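> Here is the input, now give the coordinates:
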Amino acid sequence: MNSLRACSAGAVAVVTALVLPLLFGFTSLGIEVGHWYLVQREMQGAADAAAISASAQYIQDVIAGNAASTTYQTTGQHYASLNGFTIPIANTCLVTSSGNNCGSVRALDARPVVCSTPPCMVVEVTQDTFQWLSTKASWEPNGLGAIKPIPTPTLVARSVVNIIFDITTTPPQGSSCILALANDRNAIQVRGNGDIHANCGLLIDGGRDQNARTPNLNSAPNCSDGTAPPCGGLTLAGSNAMVHIRNLTTAASTAGPANQSCPDPTRCFLYNPSTTALPTSAIFTNTATPDPYAGRVFTKPAGVVVTAVAVVSGKTGSGYTNGIRTFTVQGGTGIPAKFTATVTGGKISSAPALIDPGAYTTLPTAPILVVADDGKGSGANVTLTTGNCLPGARFAALPTPIPGRAYCSIPVTKTLNFPTGIYYAEGGDATCMGFCITTGNIRVTTDTTGATFVLTNTAGGTTYAQLAVSGNNTTNLVAPTNDINADGTPCSSGCANTTSGMIIFQDRNAPTTTALSGGGGVTSSNSAAGSTLNSLSGCGNNQTCRTLSGTLYFPKQTLNFSGNGIVQGTCFGLVSKYLDDAGTPTFQNGCLPGTTGGGGSSITSGTFKLAQ
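Take a look at the predicted model:
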């Protein structure tokens with residue numbers, strides 16, 4: 001027995017028998033864990049491919065205007081499958097600034113989703129290793145001489161892709177274009193056979209409750225003009241009056257009966273298709289639309305202008321170059337006046353023709369001398385007639401309008417182009433109340449960089465300039481896209497003239513229009529009160545003779561439309577206290593800033609990068 005106990009023969013076999021299961025277990029565990037890591041790397045590649053492909057699909061849908069589409073989920077599922085992994089459709093989800101649909105993903109994987117700048121596309125790929133054949137055949141040590149099945153973890157791989165859009169701001173087509181500021185039942189009045197065709201929206205905001213329908217005469221009167229509520233905002237005066245519009249927005253607190261959201265539902269139509277009644281989905285109530293230009297400021301040129309120049313007898317100078325010469329008045333402070341005259345024998349031999357009225361803060365004192373454009377000659381002496389503004393007749397005689405000057409009126413009677421700048425009409429003349437384009441068969445344009453016309457008054461005057469456009473002329477006016485100084489030069493950050501987007505700006509101190517009459521049972525005059533009526537009319541049926549790219553602004557007065565022409569432009573807007581329509585005008589491409597549908601941006605492209 002002692003010998004047997006001391007004998008070591010066969011020990012290796014016994015130890016081997018005892019240890020061999022452990023060796024097999026460790027070997028199997030090592031192989032299986034290595035398999036986990038290998039598969040997880042394959043899963044991560046599949047998740048990345050699925051997230052990138054889903055992001056590309058989402059970008060495509062957003063650019064096409066289908067931001068609500070969930071096609072990206074099936075795309076993510078498809079590309080995970082192409083890479084060897086089957087995932088539920090919910091495992092592809094989207095994180096936006098307003099929320100996400102990643103509940104299923106978070107239930108599978110508690111790690112936080114890293115998306116610092118939404119939107120982000122998230123794809124989760126999972127694998128339950130218990131289902132693997134290799135796992136079912138694998139074992140790990142379980143003590144001396146024993147083994148047990150290895151654990152079966154669920155492997156997860158997540159990919160988060162950050163989506164980056166290239167957003168370009170553009171003036172949208174067919175957004176809001178007309179805003180009436182009056183707190184009155186007929187802030188917008190269509191009368192006679194009038195029909196407003198607007199590929200854009202009508203806005204009515206008087207600062208308090210009002211509905212876009214005629215008043216209920218059975219209620220107690222409490223509206224501003226003595227009629228009964230609801231006060232209204234859109235009046236169709238006459239059985240043939242109607243509107244064809246994209247939408248209607250009012251400051252009403254309640255919509256009222258669905259079939260009375262317009263004065264007469266049978267005469268309120270969509271712009272397109274024109275035979276479809278304006279649906280309630282296109283009528284927005286309890287929606288304030290404040291004046292988007294309430295902060296605009298224009299500074300009138302200071303001082304006086306020269307209205308006429310005369311050469312002093314016997315002071316015609318000598319040594320000037322013969323021919324038609326340009327002369328500049330010397331002395332004073334401000335912008336000097338200029339004129340042309342004929343020179344014969346070295347002397348001024350014709351009456352001066354004013355070409356620039358100047359803008360003086362201090363007038364030249366006698367004797368007033370002039371300098372020729374070529375610097376030759378001397379001795380001519382002139383007298384000046386001055387005033388607060390250049391009369392319309394004098395303006396009409398100028399060969400080219402000069403921006404930054406004070407004109408009593410701007411009567412356009414010939415084909416004319418306005419260079420870039422700001423033009424001030426200060427009070428009007430007997431034949432033109434401000435800015436007038438009333439002669440037919442002429443073409444009136446602005447430089448492509450735009451011009452702004454300010455309708456105001458002379459210092460201390462009580463008469464304010466107004467707009468009058470009529471006749472079968474072609475009017476193509478463009479507003480500056482960037483702020484400019486009065487002379488048209490680029491505006492610094494401290495410029496007082498906020499010209500961007502403005503064609504016509506009427507002084508806020510102009511006389512206020514009283515309530516329009518007519519409609520809603522009122523049978524008196526159908527026009528605005530007194531001389532507070534600005535007008536835009538003319539053009540034959542469906543002719544495009546008015547191209548207005550910018551905004552017309554009359555915060556205290558009425559704009560009257562008549563005629564049947566088309567008003568188009570890349571971006572048209574009107575803000576007035578009242579709108580009075582007696583024609584069938586067509587308005588295109590509205591884009592009033594800060595209003596329903598106004599302003600806009602478009603996504604032109606997108607890219608992405610892995611974030612997690």
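> Now residue 485: closest residue in space, sequence neighbours ignored.
Excluding its sequence neighbours, the residue lying closest to residue 485 (CB to CB, 6 or more residues apart in numbering) is residue 491, at 5.4 Å. C-beta: built from backbone N, CA, C; applies to glycine.
> if I look at the closest residue to residue 194 other than its chain neighbours, how far off is residue 241?
Leaving aside its sequence neighbours, residue 194 sits nearest to residue 581 (CB to CB, 6+ apart; 4.5 Å). According to CB to CB, to the nearest Å, residue 581 and residue 241 sit 8 Å apart.
> picking that back up, can you tell me which residues contact the residue nearest to residue 485?
Contacts here follow CB atoms under 8 Å, 6 or more residues apart in numbering; on that basis residue 491 touches 482-485, 497, 499.
> In those, which has the lowest confidence score?
In terms of pLDDT, the lowest of the contacts of residue 491 is residue 497, showing 75.
> Can you report how many residues lie near it?
22 (other CB atoms under 10 Å).
> Look up phi and psi at it.
Dihedral pair for residue 497: phi -90, psi 110, per degrees, to the nearest 10.
> wait, isn't it in contact with residue 485?
Yes: contact status for residue 497 versus residue 485: in contact at 6.8 Å, counting by CB atoms under 8 Å.
> If you drop the residues flanking it in sequence, what lies closest to residue 86?
residue 80 (7.3 Å).
> what's the first-to-last distance across stretch 411-427?
13 Å (CA to CA, to the nearest Å).
> got it, and stretch 534-546?
First residue to last in stretch 534-546 (CA to CA) measures 16 Å.
> Pull out the buried positions in it.
534-539, 545-546 (16 or more other CB atoms under 10 Å).
> Report the secondary structure state of residue 38.
Using DSSP: H, G, I helix; E, B strand; the rest coil, the structure places residue 38 in helix.
> again but with residue 396, I slipped
When classified by three-state DSSP, residue 396 comes out as helix.
> before we move on, the earlier item: then the residue nearest to residue 86 would be within a helix, right?
Yes: Residue 80: assigned to a helix according to three-state DSSP.
> So it sits against residue 123, correct?
Yes: at 6.8 Å, residue 80 counts as touching residue 123 under the criterion of CB under 8 Å.
> more crowded one of these two?
A direct count of neighbours by other CB under 10 Å for residue 80 and residue 123 places residue 123 higher, at 30 against 27.
> which residues does that one contact?
When contacts are counted by CB under 8 Å, 6+ apart, residue 123 touches 47-48, 50-51, 54, 76, 80, 87, 91-92, 158-159.
> Low-confidence regions, the stretch 51-200 of the chain specifically.
65, 129-152, 167-174 (pLDDT under 70).
> chain center to stretch 435-451: distance?
Relative to its chain's centre, stretch 435-451 lies at 24 Å (CA atoms, centre = their mean, to the nearest Å).
> Next, the distance between the ends of it.
In stretch 435-451, first residue to last residue: 13 Å (CA to CA).
> avg pLDDT for that stretch?
93.
> what ranges do the helices span in the chain?
Using DSSP state H, the helices of the chain run over 2-6, 11-63, 71-82, 103-108, 133-136, 392-397.
> Residue 546 touches residue 470, doesn't it?
No: at 10.7 Å, residue 546 does not count as touching residue 470 under the criterion of CB under 8 Å.
> Report the set of residues contacting both of the two.
Here residue 546 and residue 470 have 536, 538 as joint contacts, going by CB under 8 Å, 6+ apart.
> what about the stretch 401-550 of the chain, any weak spots by pLDDT?
493-494, 514-532, 540-542.
> just to revisit the earlier point, what residues do residue 581 and residue 241 have in common as contacts?
Here residue 581 and residue 241 have 190-191, 194 as joint contacts, going by CB under 8 Å, 6+ apart.
> Go through those and single out the one with the most neighbours.
residue 190 (28 neighbours).
> residues contacting that one?
Contacts of residue 190 (CB under 8 Å, 6+ apart): 196, 234-237, 241-243, 581.
> can you check residue 118 too?
Contacts for residue 118 (CB under 8 Å, 6+ apart) come out as 95-97.
> most neighbours, which of the residues you listed?
For the contacts of residue 118, neighbours tallied by other CB under 10 Å; top is residue 95, 21 neighbours.
> Hmm, residue 113 and it touching each other?
Yes: when contacts are counted by CB under 8 Å, residue 95 is listed as touching residue 113 (6.3 Å).
> list residues touching both of these two?
By CB under 8 Å, 6+ apart, the residues touching both residue 95 and residue 113 are 102, 120, 122.
> Buried ones among those?
Among the shared contacts of residue 95 and residue 113, the ones that count as buried by 16+ other CB under 10 Å are 102, 120, 122.
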